[in-house]
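Student: my questions are about this predicted structure, shown below with the sequence.
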Amino acid sequence: MIDKAHNGFQMHCDNCSDSIYIPHATTYKEVYEEAKSSGWINRQIDGEWMNFCGDECYKERRNV
(Lines give C-alpha, C1' and ligand atoms only; values in the text may rest on other atoms or scores of the structure.)
Protein backbone atom coordinates (compact mmCIF):
# COMPACT_ATOMS: atom_id res chain seq x y z
CA MET A 1 0.00 0.00 0.00
CA ILE A 2 1.14 3.55 -0.68
CA ASP A 3 -0.10 6.57 1.29
CA LYS A 4 0.48 10.27 0.66
CA ALA A 5 2.40 11.67 3.64
CA HIS A 6 4.30 14.87 4.55
CA ASN A 7 5.47 16.16 1.15
CA GLY A 8 6.01 12.63 -0.16
CA PHE A 9 4.71 9.09 0.08
CA GLN A 10 4.87 6.21 2.55
CA MET A 11 5.10 2.69 1.09
CA HIS A 12 4.11 -0.22 3.35
CA CYS A 13 5.20 -3.84 3.02
CA ASP A 14 2.20 -6.08 2.33
CA ASN A 15 3.73 -8.85 4.44
CA CYS A 16 5.23 -7.23 7.54
CA SER A 17 4.90 -3.89 9.32
CA ASP A 18 7.93 -2.28 7.63
CA SER A 19 7.52 0.92 5.64
CA ILE A 20 9.66 3.39 3.72
CA TYR A 21 9.15 7.13 3.44
CA ILE A 22 9.89 8.62 0.01
CA PRO A 23 10.20 12.40 0.47
CA HIS A 24 9.48 14.87 -2.31
CA ALA A 25 8.10 12.22 -4.69
CA THR A 26 5.30 13.57 -6.86
CA THR A 27 4.32 10.45 -8.82
CA TYR A 28 3.88 6.77 -8.08
CA LYS A 29 6.59 6.04 -10.64
CA GLU A 30 9.06 8.08 -8.55
CA VAL A 31 7.94 6.20 -5.43
CA TYR A 32 8.50 2.78 -7.05
CA GLU A 33 11.87 3.80 -8.49
CA GLU A 34 13.14 5.11 -5.14
CA ALA A 35 11.80 2.11 -3.23
CA LYS A 36 13.41 -0.26 -5.74
CA SER A 37 16.77 1.44 -5.25
CA SER A 38 16.35 0.71 -1.51
CA GLY A 39 15.74 -3.00 -2.09
CA TRP A 40 11.94 -2.99 -2.19
CA ILE A 41 10.11 -5.09 -4.77
CA ASN A 42 6.57 -5.22 -6.10
CA ARG A 43 5.04 -8.42 -7.42
CA GLN A 44 1.66 -9.53 -8.67
CA ILE A 45 0.05 -12.27 -6.57
CA ASP A 46 -3.34 -13.68 -7.62
CA GLY A 47 -3.91 -10.67 -9.88
CA GLU A 48 -3.14 -8.08 -7.17
CA TRP A 49 0.01 -5.92 -7.11
CA MET A 50 1.76 -5.98 -3.75
CA ASN A 51 4.81 -4.21 -2.26
CA PHE A 52 7.47 -6.02 -0.25
CA CYS A 53 10.40 -4.67 1.75
CA GLY A 54 12.58 -7.41 0.31
CA ASP A 55 12.75 -10.83 -1.27
CA GLU A 56 12.35 -12.63 2.08
CA CYS A 57 8.95 -11.02 2.73
CA TYR A 58 7.87 -11.79 -0.84
CA LYS A 59 8.79 -15.47 -0.49
CA GLU A 60 7.08 -15.65 2.92
CA ARG A 61 3.85 -14.13 1.55
CA ARG A 62 3.91 -16.27 -1.59
CA ASN A 63 3.99 -19.44 0.52
CA VAL A 64 1.03 -18.44 2.69
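Tutor: All right, it came through fine. These numbers come from a predicted model, not from an experiment. Numbering: from 1, shown residues only.

Student: mind listing the helices for the protein?
Tutor: Taking DSSP state H, the helices of the chain run over residues 28-37, 55-62.

Student: export the ones you listed to TSV and tack on distance to Asp14?
Tutor: C-betas here are computed from N, CA, C, even on glycine. Below are the helices of the chain laid out as TSV (distance: least, C-beta to C-beta, whole Å):
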stretch	distance to Asp14
helix 28-37	12
helix 55-62	7
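
Student: which one of the ones you listed has the lowest average pLDDT?
Tutor: Lowest mean pLDDT within these: helix 55-62, a mean of 91.

Student: and it, what does it pack against?
Tutor: Applying 3 or more C-beta pairs under 8 Å, 6 or more residues apart in numbering; DSSP states H and E, we find helix 55-62 packed against strand 41-45, strand 48-52.

Student: note down every partner strand of the first one and its orientation.
Tutor: Same thing as strand 41-45. Within its sheet, strand 41-45 is paired with strand 48-52 (antiparallel), according to DSSP bridges.

Student: and the strand it pairs with, what's its mean pLDDT?
Tutor: Regarding strand 48-52, the rounded mean pLDDT is 95.

Student: quick check: buried residues in it?
Tutor: Neighbour-count burial for strand 48-52 flags 50-52 (criterion: 16 or more other C-beta atoms under 10 Å).

Student: centre-most residue in the chain?
Tutor: The residue lying closest to the centre of the chain (C-alpha atoms, centre = their mean) is Asn51, at 3.6 Å.

Student: that one is in contact with Phe9, isn't it?
Tutor: No: with contact defined as C-beta atoms under 8 Å, Asn51 does not count as touching Phe9 (11.1 Å).
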